[in-house]
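S.K.: with the sequence up front, the predicted model follows.
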Amino acid sequence: MILIRLSSAGTQVPVLPKLPSRELGTDIPLLPGSPRRLSPRAVVRGGQGPKHGQQCLQAPGPPAQGLQGSVPQGSGQASGGGSAPNSSVINNYLEASEPVSSEARVSCMHFYDSQRKVDYVLAYHYRKRGAHPGHSSPGHNLAIVSNGETGKDPQAGAPGDIELGPLDALEEERKEQREEFEHNLMEAGLELEKDLESKSQGSVFVRIHAPWQVLAREAEFLKIKVPTKKMYEIKSQGSIAKTFSKILHKLSAPLKPRVPEHSNSRMKNLSYPFSREKMYLYNIQDKDTFFDNATRSRIVHEILKRTTCSRANNTMGINSLIANNIYEAAYPLHDGEYDSPGDDMNDRKLLYQEWARYGVFYKFQPIDLIRKYFGEKIGLYFAWLGLYTSFLIPSSVIGIIVFLYGCATIEEDIPSKEMCDQQNAFTMCPLCDTSCDYWNLSSACGTARASHLFDNPATVFFSIFMALWATMFLENWKRLQMRLGYFWDLTGIEEEEEHSRPEYETKVREKMLKESNKSVVRKLGTSGTEAEDEDDEDKLTWKDRFPGYLMNFASILFMIALTFSIVFGVIVYRITTAAALSLNKATRSNVRVTVTATAVIINLVVILILDEIYGAVAKWLTKIEVPKTEQTFEERLILKAFLLKFVNAYSPIFYVAFFKGRFVGRPGSYVYVFDGYRMEECAPGGCLMELCIQLSIIMLGKQLIQNNIFEIGVPKLKKLFRKLKDETEPEEADSAHSKHPEQWDLDYSLEPYTGLTPEYMEMIIQFGFVTLFVASFPLAPVFALLNNVIEVRLDAKKFVTELRRPDAVRTKDIGIWFDILSGIGKFSVIINAFVIAVTSDFIPRLVYQYSYSHNGTLHGFVNHTLSFFNVSQLKEGTQPENSQFEQEVQFCRFKDYREPPWAPNPYEFSKQYWAVLSARLAFVIIFQNLVMFLSVLVDWMIPDIPTDISEQIKREKSLFVDFFLKEEHEKLKLAEEPARRSQSSGHRSKRGPAASPAPSGRSQLGSSASSGSQHTSV
């Protein structure tokens, strides 16, 4: 059978018949009558031999000089670590309307030969010439008919009559870039398979398989640690610790997921970076399963990232091609469906059943399986989230005890009793000018009693506890991180070389085109290796980035100013609303509650809206900076987003805690925002109760709304919108294919993975709510715990069911997030010190009890904190109109430490004010230094590396040296046997020309293996 291939000039070039299977490999049969389209880059893919009457399609690779019309040497062989010939990769194009029978397909995770595993998928959307959106083309312009002649579509015009429109030219250019990139992937040793572009437009999936030679080569290049033959028992703990561990293991057995746990096993394999010269060290039973799916996809992704495409301006990697819309997506496949019927089990289904359902919220997380399926980076996130959630349990218990203590002692609180005593009533000065009347302090009895729930001596103890809790949490995380690093073989891994981002390459190219001469312009066409070794002219300097830095600085200042402006606007709303409600007698009694509740809700809505805006702005600002690598981009994005979201979330809380009521002035000399509107004051019981309300509503609102609307509702709306869009677009899909879609089709319909930054950011902001203002809201850990129990399963379900499978990324730690957590922990000590000293009445009560009280109790404390004012000294026009107060008022009281009207210096700050101020500052200094000292002590007492892990690492090194020497010794023995045999055969050859016996396969393997490693030193 002679096949016809179209050359670039449009002529017909004969292609030799296919070689026998022993030389080229067997061919996949194509069904009779199917349209066959040949790409200049396409080559045949192997599979089952053709049946009688079926035809096989074969297309050579790009014609090399002197090889046109002939099959290149080595065609059809699996590409190894060396240079791959042009058509050494086996490929196949099948039409979607011609599915392989279900009997022939063993798994939807393989090529159509049911042998080679799909390690990665590239997806792109194509549109044939003249097929504009909404108008389908009835056929192909050119096709290869079964008899080998070139046939034309009857409805297509002659080649000379075709005029390429702008969209057609762009599509042709993208097609050429894709073909070149796929050819470069083939030359790198990968094997590709994709469907025939049989429709006028649609999506095509390029399936990628990495053969063993490529996996071995890249694993050695990436220094991937793999298990060796040697297994050893992990050293058991002491007798007491061992007994306690057994008891704990039995008690927690019902809470453990039913998955294999690697880190809890008593046996562990020695691991060593993969080396093709030391294959004898590894227990390679099956080359197809030696590397797991996550590792295989990681290896392919590394190849995709460094493969160049000269037609696309010499861009580097798949990310650049996706950014230029040459490909739409690139992703590894999930391990089948998570909800498939039957007993067949895969890792994805196991994760769904034991981890990603709300019904298993009480179980521990299968961290080892998460790491195996998603990679170390995502595994470390869920390990951190699990540890943080478990640490919230003791802090929640202590917080509930503190709250219950406040409830139990509320009847014994003397200041609140004095405020609620109507017989000993205090006449207070008006809260606003003209429309507000004098009022009795006893009317604020409810607020005073509620303030005691959170403003009591137990909150000071709880603040110290939470500061130490944050330190212990971070120390335990470092220990868990080291333990996981030991079991996951992350100890000693090197930082992987990162490739430049597409935006950075584009910026460098624009700079070179603007500032360079022709010789530098020609440099754009150099090879990828030369382009990677950039000199000073080929990279961006601080001068190139200065406009971006300036824009970043100005934009961040503007965003922070915008946040402060919105907070000030809410303050103005509170002041004006309070004044307006005070005019009406019906609403006058509930002014404070109404204003506080509505203002907090406004703050919450604004925070949620600005959160989304600031996230987009931070990403845009980071792009302007043009960071070189993805890691640098991610770190800068995290810092900007955290700064903006931190200011956004905590600005209204900081205002209530430290600024509200501090700049009010005094009766007769108030501070006015606008004409007639003066600054708002704290409630009679202090601002701590209002701070508690503000903190609780914002914290709960963010958690509930973001979890239920943003994380659950938005993805569902996106999925629904995409489904409606697919239904409205013209389709030519096969009904059988739509009923039984392939795994790559199912994964393509999922949301792309965008990173862990949103998940971390949400938890970091929550960590701030739990630690920064915990003195005002002891129940914050309780609500955080309830949220996180749901959050773990919500994130798990999202990763397993709603997102495409992320690329497995190896990392030793959680990166910059640990530094942010540590900074928040230290900052929380200062914040809580000021909350206790400035916002609460803890210090004034202590000063009164030990300096001014006659009997050492708090009797008379309320009277001590209230100053006198002569109402005759009120400014003209500010006196209450039509006062309905029962008695004539000569003096009114206001909360401050000032001299009375009859003193020599009336209304000046009194001695009590300075005594309380000095006590507050002293408390801040003592509290901060005490807690910092205790934190450092806890840090010193808890080692970063667990003792048993440190000993196991040392023991593992010693065991590996022994194992390595033993294996080397055995290998040398095997290598010496052929030498002895050759010497004995040499003696026999003197007597006759007898051929020396061939050595055994094992001896050959040992000899070849030893040739490259015999000089290895240990």
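M.R.: Ah, there it is.

S.K.: packing partners of the helix or strand residue 612 falls within?
M.R.: Per DSSP states H and E: residue 612 is located in helix 591-625. Helix 591-625 sits against helix 542-582, helix 630-654, helix 688-705, with contacts defined as 3 or more CB pairs under 8 Å, 6 or more residues apart in numbering; DSSP states H and E. Quick note: C-beta positions are derived from backbone N, CA and C, even for glycine.

S.K.: what's the first-to-last distance across stretch 710-718?
M.R.: 11 Å (CA to CA, to the nearest Å).

S.K.: distance of the closest residue to residue 205 other than its chain neighbours from residue 547?
M.R.: Closest residue to residue 205 apart from its sequence neighbours, by CB to CB, 6 or more residues apart in numbering: residue 744 at 4.6 Å. Counting by CB to CB, to the nearest Å, the gap from residue 744 to residue 547 is 42 Å.

S.K.: next: residue 976.
M.R.: 69 Å.

S.K.: settle it for me: which of these two has more neighbours?
M.R.: More neighbours surround residue 976 than the other of residue 976 and residue 547, with 14 against 11 (other CB atoms under 10 Å).

S.K.: rewinding a little: for the helices and strands packed on helix 591-625, which one sits closest to residue 188?
M.R.: Residue 188 sits nearest to helix 630-654 of all those, at 21.1 Å, using CB to CB.

S.K.: okay, buried residues for that closest one please.
M.R.: 632-638, 640-642, 644-654 (16 or more other CB atoms under 10 Å).

S.K.: same for it, what does it pack against?
M.R.: Checking 3+ CB pairs under 8 Å, 6+ apart, helix 630-654 ends up next to helix 542-582, helix 591-625, helix 688-705, helix 757-771, helix 816-834.

S.K.: got the domain ranges for the chain?
M.R.: Domain ranges of the chain: 109-127+166-224+274-333, 352-492+504-508+543-724+743-849, per the TED database.

S.K.: phi, psi for residue 426 please.
M.R.: phi -110, psi 130 (degrees, to the nearest 10).

S.K.: count of residues packed around the residue lying closest to it once chain neighbours are set aside?
M.R.: Nearest-residue entry for residue 426: residue 441, 4.0 Å, with adjacent residues in sequence omitted and distances by CB to CB, 6+ apart. Residues near residue 441, counting by other CB under 10 Å, number 22.

S.K.: any idea how far residue 441 is from residue 419?
M.R.: Counting by CB to CB, the gap from residue 441 to residue 419 is 6 Å.

S.K.: for the stretch 651-800 of the chain, which spans come out with low pLDDT?
M.R.: Residue ranges of the stretch 651-800 of the chain with pLDDT under 70: 707-708, 725-739.

S.K.: which residue ranges of it form helices?
M.R.: 688-705, 714-728, 735-739, 743-748, 757-771, 780-797 (DSSP state H, counting those that start in this stretch).

S.K.: any idea of the mean pLDDT in the helix ranked longest in the chain?
M.R.: The residue-count maximum for a helix in the chain (DSSP state H) belongs to helix 947-989. Averaged across helix 947-989, pLDDT comes to 75.

S.K.: ok, stretch 390-403 next?
M.R.: 93.

S.K.: tell me the pLDDT of the closest residue to residue 577 other than its chain neighbours.
M.R.: Spatial nearest neighbour of residue 577, excluding adjacent residues (CB to CB, 6+ apart): residue 595 at 5.3 Å. Residue 595 is assigned 83 on the pLDDT scale.

S.K.: any idea which helix or strand in this structure has the lowest mean pLDDT?
M.R.: strand 142-144 (a mean of 30; mean pLDDT, DSSP states H and E).

S.K.: so which of the helices and strands packed on helix 630-654 gets nearest residue 181?
M.R.: Nearest to residue 181, of these and by CB to CB, is helix 591-625 at 24.3 Å.

S.K.: residue 210 is nearest to which of the helices and strands packed on helix 591-625?
M.R.: When the helices and strands packed on helix 591-625 are compared for distance to residue 210 using CB to CB, the nearest one is helix 630-654, at 22.3 Å.

S.K.: about what we covered before: for the residue nearest to residue 205, what are its contacts?
M.R.: Going by CB atoms under 8 Å, 6 or more residues apart in numbering, residue 744 touches 118, 121, 123, 205, 207, 333.

S.K.: likewise residue 760?
M.R.: 381, 638, 814, 817.

S.K.: out of these, who has the most neighbours?
M.R.: residue 638 (22 neighbours).

S.K.: gap between the closest residue to residue 810 other than its chain neighbours and residue 344?
M.R.: Nearest residue to residue 810, sequence neighbours excluded (CB to CB, 6+ apart): residue 376, at 5.0 Å. Residue 376 sits 27 Å away from residue 344, going by CB to CB.

S.K.: higher neighbour count, the two?
M.R.: residue 376 (24 against 10).

S.K.: tell me how far the more buried one lies from residue 382.
M.R.: Applying CB to CB, the value for residue 376 to residue 382 is 11 Å.

S.K.: same question for residue 701.
M.R.: Shown here: residue 701 relative to residue 382, a distance of 26 Å by CB to CB.

S.K.: have a look at those two and say which one is more surrounded.
M.R.: A side-by-side neighbour count of residue 701 and residue 382, using other CB under 10 Å, places residue 382 first with 22 against 17.

S.K.: ok, back up a step: any idea how far the residue nearest to residue 810 is from residue 327?
M.R.: Distance of residue 376 to residue 327, computed by CB to CB: 26 Å.

S.K.: what does stretch 418-429 rub up against?
M.R.: Stretch 418-429 has contacts (CB under 8 Å, 6+ apart) with 438-442, 444-445, 448-449, 667, 684-685, 859-863, 866, 869, 871, 885, 889, 891-894.

S.K.: buried residues, that stretch. List them.
M.R.: Neighbour counts over stretch 418-429 (16+ other CB under 10 Å) mark 418-420, 426-429 as buried.
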